[in-house]
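I'll drop the sequence and a predicted model, then ask my questions.
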2 protein chains.
Amino acid sequence: MPPSNHQFLLAARPLGLPKASDWDFVTAPAAAPQTGEILVRTNYISLDPAMRGWMNEGKSYVPAVKIGEVMRALAVGEVIESADQKFAPGDFVSGPLGVQEFATIKAGLVQKIDATLAPLPVFLNLLGMTGMTAYFGLLEVGEPKAGETVVVSGAAGAVGAAVGQIAKIKGCRVVGIAGGAEKCRYIVQELGFDAAIDYKAEDAAQGLKRTCPDGIDVYFDNVGGDILDACLARINLRARIVICGAISQYNSTTAIKGPANYLSLLVNRARMQGMIVFDYADRYHIAAQDMAAWMKEGKLQGREDVVEGIENFPSALLKLFSGENFGKLVLKV
Amino acid sequence: MPPSNHQFLLAARPLGLPKASDWDFVTAPAAAPQTGEILVRTNYISLDPAMRGWMNEGKSYVPAVKIGEVMRALAVGEVIESADQKFAPGDFVSGPLGVQEFATIKAGLVQKIDATLAPLPVFLNLLGMTGMTAYFGLLEVGEPKAGETVVVSGAAGAVGAAVGQIAKIKGCRVVGIAGGAEKCRYIVQELGFDAAIDYKAEDAAQGLKRTCPDGIDVYFDNVGGDILDACLARINLRARIVICGAISQYNSTTAIKGPANYLSLLVNRARMQGMIVFDYADRYHIAAQDMAAWMKEGKLQGREDVVEGIENFPSALLKLFSGENFGKLVLKV
């Protein structure tokens, strides 16, 4: 008997912040796996800012989720039935399982994970796309050199926290921008950032002046908007700006705010470059080895913000955009 | 007896478009050259969009022209008196002679030019900073590959026209954006561009759709504003945007318009990078050899727009911003 499967299907394309009615929460029998497929019970679902983009119509780096489709999400889970020789019941996997309790999915779309190495949510955080994004975005696009000043926004978020710690490991001076005193305390005192700017308490430009007296060599941007502009105004010659996200703009119902200070790129012969983690898939295993080693050495730590209950998906996702979450946001199914 | 020297001194920092009263047109005796200096009679003065930036207060890639100082300009002229062993009267030189009839300048600041090779204005155009900007901006920052689509704005301007022709030499498909039917005819029929967009007659986004069915691989931006945004919306994976200038924004009295479509950099893993020609000074001679060879082979041609009379400097400069000039704008002294 196929298990009964609770799923969130995309019901509408949101205008501005998503609301619960943008999805239908339905129950359907899970499909039995056909040859080459596996049936997976979802344990943890990754909640990511990128999900907001996937809900929009139009061309992007991946197709939009269609109306009526299961909401796309990365997740980890346990194989409960397999019609593929590479997987057996009891295996743990990560992949695009979607916001649902059970996923019937092509085996080639998931990766086996060794659940004895770390708790499952870590495979959505430092050992998952989040960690890979930080690793490749910072090291391959940002190209930090020891002694340089690296600034990261969304610094207490999952990607930002990892970026800052990796930059420290590489010998950089690291300044994090985050919202609220507790997040700022966390990144400095627990993660070892050199300084923090609480953008809710201090003007970002002022904070950058205070914490980056020698300018910015690498800015890892997760937020866009005014903070990107403030950083542009303070970059050094040949600075690198990594465009990883723009969470301040994803729910904008008016035109996106372009960086008015972009001519600082010209004056400083600097570059601004976008990145998508999927481009580095053939080297995830190398990054994961580095990340695991750094975690073991105590140089890299993660923090997961776990919300329980698949039915809470819509409200949990909104925590990303309100700045409420702290660390990697995951939904425990 | 020192010759009498007509000079334009910066009198005020313009708000918006410069006006004649932003300079004082004065007469003073030219200073006799001291040891290591030369006295040069200016023949042709280069009029460049960058001059607008030099009039602004504040930090940039070169210091601002101070109030009361001779207006900065690149120029070519003839040495009439020398107190430096490397120069003799009759030598022709190019360098930052300023908007004046005579310059008394340190010999190390100018380069000797071989006036038998080309008419003097060419040393301000293809064999000068203009040509160097096009050469290094396109080849080093844009990194075009044969078969790729290169788009350039300000395409009938001095830099843009050179960029397009160099891109053709490198085997690219080239689309120019210019204002007016005659400029568009010129770049296609005389310079060999593959297509032109007259932004005064056709919406730039529409024109890009028409002329770049396979997207844009390299965009060389001289103008900023809406055209930069339209190009961002049409870039390909791993596209390169060269930020060389932003003439649409230089006289803005309101906030600069940032590129609202900058997240296209993320989606397309593309980069936007600024360039300043002076960084390539140690390789100008290599570029000049290439440029001269291409000119000889008939693959690269320049066009100079010569305004006569140093007293016409203020109105001549404005032609740059009205889009009136056609080719490299120079002032004949």
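Good, I have the coordinates.

chain B contacts on the stretch 201-333 of chain A?
Listed as neighbours of chain B in the stretch 201-333 of chain A under the rule CB under 8 Å from any CB of the partner chain: A:224, A:229, A:243-246, A:249, A:255-276, A:279. C-beta: built from backbone N, CA, C; applies to glycine.

just the ones of these in helices?
The helices, defined by DSSP state H, take in A:229, A:264-267 from those.

restricted to buried residues, select the residues of the stretch 201-333 of chain A next to chain B in PyMOL.
Selection of buried members from these for PyMOL, criterion 16 or more other CB atoms under 10 Å in any protein chain shown:
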select buried, chain A and resi 224+229+243+244+245+246+249+256+257+258+259+260+261+262+263+264+265+266+267+268+269+270+271+272+273+274+275+276
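
looking at the residues of the stretch 201-333 of chain A next to chain B, which are in strands?
In this view, those that belong to strands under DSSP state E are A:243, A:271-274.

returning to that earlier point: could I get the ones in helices among the residues of the stretch 201-333 of chain A next to chain B in TSV, plus columns for pLDDT?
Output for those, formatted as TSV (pLDDT from 0 to 100):
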residue	pLDDT
A:229	96
A:264	95
A:265	96
A:266	94
A:267	92
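
pLDDT below threshold where in the stretch 151-300 of chain A?
Residues of the stretch 151-300 of chain A meeting the criterion pLDDT under 70: none.

residue A:274: what's it in contact with?
A:243-244, B:263-271 (CB atoms under 8 Å, 6 or more residues apart in numbering or on different chains).

what parts of the stretch 1-150 of chain A come near chain B?
Proximity of the stretch 1-150 of chain A to chain B, by CB under 8 Å from any CB, involves residues A:59-61.

out of those residues, which are buried?
Counted by 16+ other CB under 10 Å, these give A:60-61 as buried.

quick one: the residues of the stretch 1-150 of chain A next to chain B as JSON lines, columns for secondary structure and pLDDT too.
Putting the residues of the stretch 1-150 of chain A next to chain B into JSON lines (DSSP: H, G, I helix; E, B strand; the rest coil; pLDDT from 0 to 100) gives the following:
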{"residue": "A:59", "secondary structure": "coil", "pLDDT": "73"}
{"residue": "A:60", "secondary structure": "coil", "pLDDT": "79"}
{"residue": "A:61", "secondary structure": "coil", "pLDDT": "82"}
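
doesn't residue A:330 belong to a helix?
No - per DSSP: H, G, I helix; E, B strand; the rest coil, residue A:330 lies outside any helix segment and is strand.

what's near enough to touch the closest residue to residue A:157 other than its chain neighbours?
Closest residue to residue A:157 apart from its sequence neighbours, by CB to CB, 6 or more residues apart in numbering or on different chains: residue A:222 at 6.4 Å. Residue A:222 sits next to A:49, A:152-154, A:157, A:159-160, A:244-247 when contact means CB under 8 Å, 6+ apart.

host element of the residue nearest the centre of chain A?
Closest residue to the average C-alpha location of chain A: residue A:130 at 4.5 Å, with CA atoms, centre = their mean. For residue A:130, the host element (DSSP states H and E) is helix A:129-136.

again, but for residue A:239
strand A:235-243.

what packs against that strand?
Here strand A:235-243 touches strand A:216-221, helix A:225-232, helix A:264-267, strand A:271-274, going by 3 or more CB pairs under 8 Å, 6 or more residues apart in numbering or on different chains; DSSP states H and E.

again, 10 Å this time
helix A:129-136, strand A:149-153, strand A:216-221, helix A:225-232, helix A:264-267, strand A:271-274, helix B:264-267, strand B:271-274 (3 or more CB pairs under 10 Å, 6 or more residues apart in numbering or on different chains; DSSP states H and E).

next, the angle helix A:129-136 makes with the third one.
Angle between the axes of strand A:216-221 and helix A:129-136 is 160 degrees (criterion: axes from the mean of the first three to the mean of the last three CA atoms, to 10 degrees).

hey, C-alpha coordinates of strand A:216-221 in PDB?
The C-alpha coordinates for strand A:216-221 follow below in PDB (Å, rounded to 0.1, in the frame of the first residue of the first chain):
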ATOM      1  CA  ILE A 216      36.700  46.300   1.200                       C
ATOM      2  CA  ASP A 217      38.500  43.800  -1.000                       C
ATOM      3  CA  VAL A 218      35.800  41.200  -1.300                       C
ATOM      4  CA  TYR A 219      32.100  41.800  -0.700                       C
ATOM      5  CA  PHE A 220      29.900  38.700  -0.600                       C
ATOM      6  CA  ASP A 221      26.400  40.000  -1.200                       C
END
